[in-house]
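A.B. asks: Build me a model:
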Amino acid sequence: MILNISTVALRNFFRSKILSFIHIVGLSTGISASLVIFLIVHYENSFDKFEADGERIYRVVMDTQFNGMDGHGAAVPAPLANTVETEVTGIDAVVPVMTFQGNGNANVEFNNYGKNQVIKDQPNVIFTKPDYFEMISFEWLAGTPVKSLSEPFSVVLTEQRAKMYFPDVALNEIMGKQLTYNELVVATVTGIVKDLNETTDFTALEFISYSTIAKTKFKDDFMMEVWNDWMAYSSLYLKLSPNNDKDAVTRQLNDILGRQRKNDTPGNKWSFSLQPLGDIHFNYSYVGFNQRVANRSTIVGLITIAGFLLILACINFTNLATAQASQRAKEIAIRKSIGSSRKQLVIQFLGETFCITLAAAVLSMAGAPLLIDLFSDFIPQGVAFAPLTDPFPLAFLLVLVLTVTLVAGIYPSIVLSGLRPANILKGQRFVSKSSGTATFRKGLIVFQFMIAQVFVFGAFIVSKQIHYSMETDSGYKKDAIVYFELPRDGDDHRDQLTNELRTIPGISNMSLGFLPPAIPGAAFGNITFNKDGEEIKENVQVRWGEPQYIDLYKIGIVAGRNVRSGENIHEILINETYAKTLGFLDPSEALDREVMNRTTPYKIVGVMKDFREGSTRYRTGPVVFMNNANSW
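C.D. replies: Numbering: from 1, shown residues only. Sure thing, here's the model as predicted:
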């Protein structure tokens, strides 16, 4: 029977090549889009599913409120980790993760066969405690999870990093070798773990013992004893004990916070909460340092689009197949005359639909890698079509082929198998006299055009949004500006580079600075302003650099002047939004006022025009600019 169905399907394919081609291309379009969208959705939902007892793992996050403005963040004050270990009960693992400051990378120096080598800007290096390996299950190739990070100046490497530094050395011989990080930390290799090879937001590849921080200048850099400020590099994960109450741990955390911040300004609110592991990859309110977050609404939208594209492809197939009924009428009449039942004809037509759908699926499999490459700028980097290593796409395609076969083929099969052979053999041309059938086909066509119009209007609206995001006045110059990061290897090299750049005729302006006006990775600080005896503390976004930074990006100054250069000159610019937050309706009223950044007073010498410091999704927040380019 299967051979007969395949033979007839192949015969009809060559008999109606154009129509068959339209069927296959139409279905493959919907299947290809669905396959790529499935790969994206499958990838995004596969993050951090491998951790043992993942339902007990949480990240500590912070919610704040300053002057009526809500804030949320994944960073916490650095002292919290050590305090939790001694004061909070019901926790199996306390896992602080401290990333190198600046761009999160480190310069790593090592000696291989008597030759010193340096790898600059090495990413994915963190400070953490042995409990990290209680939370993330690595396979140990050398060393043990308990002892490897128990002492200061210890480091655990992944197999990838171990072979990068010592390519021709056996893993057990790498143990005891030394690595120097940023010319500050000389760490001894005390453990090697197998590469994780899992989809995860925990991307660290080198793990330096957390106790090392207290023995180096990082103790001050990471503000290890400061409760009223925090850095994006500091995060904390907890693995709760079995059957422990999440709310009970949250209350203990906030009790600690209340004791440490009892002298806070009235009206300002701080609180900790526990974010489940499964929510970390999808929550835009709590974005970790250098973390990519997926948007659940975008995923739902993609699934909806895939569904509609499949429905359109099925409707198109149904209409074309039904319209073909008159061409197959004699074939159907002869089959029925020699004894074929209606059930057999339905199976025959569904089999033909299956063959066409299968051909469309094969075409989609060939086209999926091309689509992923074509839209690589919009698709997460980890998305790939690898059916030999991942069976889920093939399982999805099989289910999709069966579903499309049933949805697209059932109605034409019923219509075609219902033709009366007596009328056809008398020479009467097939005309559907069923008002229900005609109405159904018209309904399909109307629905098809309606969905197509929705897509057209949706594309128009999205294009308007993109046009707004790209063409709206950002408040700073973007054209003809090149931005790049300098390696952290001393002031002499930096000064030498900048001096040589200034001699190039094609460069009209240049500035050292922290980051461009709008880019992921912003820094925040608690700026305090004393107004008529009342302290106003605000979590403010901080930009800093040379005075030329303001001229380079053509950021307007609506009142006052630019900051000046100088080691002991503490001057600051604030934006219009921050001036209003401080209560100054006229920007000039803010001039010569003093604000405190930690323990250092800064004089407000100018008010910047508001500029876009983030996505056009959000309103502009308070921003300050300081003259401090020494480390950037």
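A.B. asks: ok, now how distant is Leu402 from Leu350?
C.D. replies: From Leu402 across to Leu350, the span is 10 Å (Cβ to Cβ, to the nearest Å). For the C-beta atoms, the positions are set from N, CA and C on the backbone; glycine is no exception.
A.B. asks: More neighbours: those two, which one.
C.D. replies: Leu350 (18 against 13; other Cβ atoms under 10 Å).
A.B. asks: The more buried one in helix, strand or coil?
C.D. replies: Under DSSP: H, G, I helix; E, B strand; the rest coil, Leu350 falls in the helix class.
A.B. asks: Give the buried residues for the longest strand seen in the chain.
C.D. replies: If you go by DSSP state E, the chain has its longest strand at strand 534-545. Buried residues in strand 534-545, counted by 16 or more other Cβ atoms under 10 Å: 536-545.
A.B. asks: what's across from the residue nearest to Arg543 when sequence neighbours are not counted in the sheet?
C.D. replies: Spatial nearest neighbour of Arg543, excluding adjacent residues (Cβ to Cβ, 6 or more residues apart in numbering): Phe625 at 4.8 Å. With DSSP bridges as the criterion, Phe625 is bridged to Arg543, Leu573.
A.B. asks: isn't Phe625 right next to Ile572, touching?
C.D. replies: Yes. Counting by Cβ atoms under 8 Å, Phe625 does reach Ile572; the two are 6.9 Å apart.
A.B. asks: Identify the contacts common to these two.
C.D. replies: Residues touching both Phe625 and Ile572 (Cβ atoms under 8 Å, 6 or more residues apart in numbering): Val563.
A.B. asks: the more surrounded of these two?
C.D. replies: In this view Phe625 and Ile572 are compared by other Cβ under 10 Å, and Phe625 has more residues nearby, 26 against 22.
A.B. asks: Which residues are in contact with that one?
C.D. replies: By Cβ under 8 Å, 6+ apart, the neighbours of Phe625 are 542-545, 549-550, 563, 572-574, 608.
A.B. asks: ditto for Gln541
C.D. replies: Gln541 makes contacts with 522-524, 613, 621-624, as judged by Cβ under 8 Å, 6+ apart.
A.B. asks: what about stretch 610-617, how long is it end to end?
C.D. replies: End-to-end distance for stretch 610-617, by Cα to Cα, to the nearest Å: 16 Å.
A.B. asks: So which bits of that stretch are buried?
C.D. replies: Neighbour counts over stretch 610-617 (16+ other Cβ under 10 Å) mark 610-614 as buried.
A.B. asks: ok, then the element right after the helix or strand containing Phe460?
C.D. replies: Counting by DSSP states H and E, the element that carries Phe460 is helix 435-471. With elements assigned by DSSP H and E, the helix or strand that comes after helix 435-471 is helix 491-502.
A.B. asks: Check what contacts stretch 209-220 and list those residues.
C.D. replies: Contacts of stretch 209-220 (Cβ under 8 Å, 6+ apart): 81, 96, 98, 127-129, 149-155, 184-185, 187, 222, 224-225.
A.B. asks: how near is Ser16 to Pro77?
C.D. replies: Ser16 is 72 Å from Pro77, where distance means Cβ to Cβ.
A.B. asks: what about those two, which has more around it?
C.D. replies: Pro77 (25 against 16).
A.B. asks: Send over stretch 364-373 as PDB, restricted to the C-alpha atoms.
C.D. replies: Coordinates of each C-alpha in stretch 364-373 appear next as PDB, following Å, rounded to 0.1, in the frame of the first residue of the first chain:
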ATOM      1  CA  SER A 364      13.600  23.200   4.900                       C
ATOM      2  CA  MET A 365      16.400  21.200   6.500                       C
ATOM      3  CA  ALA A 366      18.700  22.300   3.700                       C
ATOM      4  CA  GLY A 367      17.600  25.900   4.000                       C
ATOM      5  CA  ALA A 368      17.600  26.300   7.800                       C
ATOM      6  CA  PRO A 369      21.500  26.800   8.100                       C
ATOM      7  CA  LEU A 370      21.300  29.400   5.300                       C
ATOM      8  CA  LEU A 371      18.500  31.200   7.100                       C
ATOM      9  CA  ILE A 372      20.400  31.200  10.400                       C
ATOM     10  CA  ASP A 373      23.500  32.600   8.600                       C
END
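A.B. asks: ok, Met231 - contacts?
C.D. replies: Counted by Cβ under 8 Å, 6+ apart, Met231 has contacts 75, 78, 101, 222-223, 523.
A.B. asks: ranges for the strands of the stretch 501-632 of the chain?
C.D. replies: Per DSSP state E, counting those that start in this stretch, the stretch 501-632 of the chain carries strands over the ranges 523-531, 534-545, 557-560, 571-575, 594-597, 600-608, 623-627.
A.B. asks: Quick one: closest of those to Lys269.
C.D. replies: strand 534-545 (11.5 Å; Cβ to Cβ).
A.B. asks: tell me the angle of the closest one relative to strand 571-575?
C.D. replies: Angle, strand 534-545 to strand 571-575, by axes from the mean of the first three to the mean of the last three Cα atoms, to 10 degrees: 100 degrees.
A.B. asks: could I have strand 534-545 exported to CSV, CA atoms only?
C.D. replies: C-alpha atoms of strand 534-545 as CSV (Å, rounded to 0.1, in the frame of the first residue of the first chain):
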residue,chain,number,x,y,z
GLU,A,534,17.8,67.4,53.7
GLU,A,535,20.0,64.7,52.1
ILE,A,536,18.9,63.5,48.7
LYS,A,537,20.5,60.2,47.7
GLU,A,538,20.1,59.1,44.2
ASN,A,539,21.3,56.1,42.3
VAL,A,540,22.8,57.9,39.3
GLN,A,541,24.3,56.6,36.1
VAL,A,542,28.0,57.7,35.9
ARG,A,543,30.0,58.6,32.9
TRP,A,544,33.6,59.9,33.1
GLY,A,545,36.5,60.8,30.9
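A.B. asks: now it against strand 600-608, angle please.
C.D. replies: 70 degrees.
A.B. asks: Check the offset of strand 534-545 from the chain's centre.
C.D. replies: Computed by Cα atoms, centre = their mean, to the nearest Å, the chain-centroid distance of strand 534-545 equals 28 Å.
A.B. asks: So what's the model's average confidence on that strand?
C.D. replies: In this model, strand 534-545 carries a mean pLDDT of 81.
A.B. asks: quick check, nearest of the buried residues of stretch 610-617 to Phe138?
C.D. replies: Taking Cβ to Cβ as the measure, Phe138 lies nearest Gly614 of the buried residues of stretch 610-617, at 35.6 Å.
A.B. asks: so what's that closest one closest to, chain neighbours aside?
C.D. replies: Leaving aside its sequence neighbours, Gly614 sits nearest to Ala518 (Cβ to Cβ, 6+ apart; 6.0 Å).
A.B. asks: How is Asp63 assigned, secondary-structure-wise?
C.D. replies: At Asp63 the chain is in strand, as set by three-state DSSP.
A.B. asks: Now render the contacts of Phe625 as a markdown table, adding distance to Pro369.
C.D. replies: Shown next, in a markdown table, are those (distance: Cβ to Cβ, whole Å):
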| residue | distance to Pro369 |
| --- | --- |
| Val542 | 44 |
| Arg543 | 42 |
| Trp544 | 45 |
| Gly545 | 43 |
| Tyr549 | 43 |
| Ile550 | 47 |
| Val563 | 52 |
| Ile572 | 52 |
| Leu573 | 50 |
| Ile574 | 51 |
| Met608 | 47 |
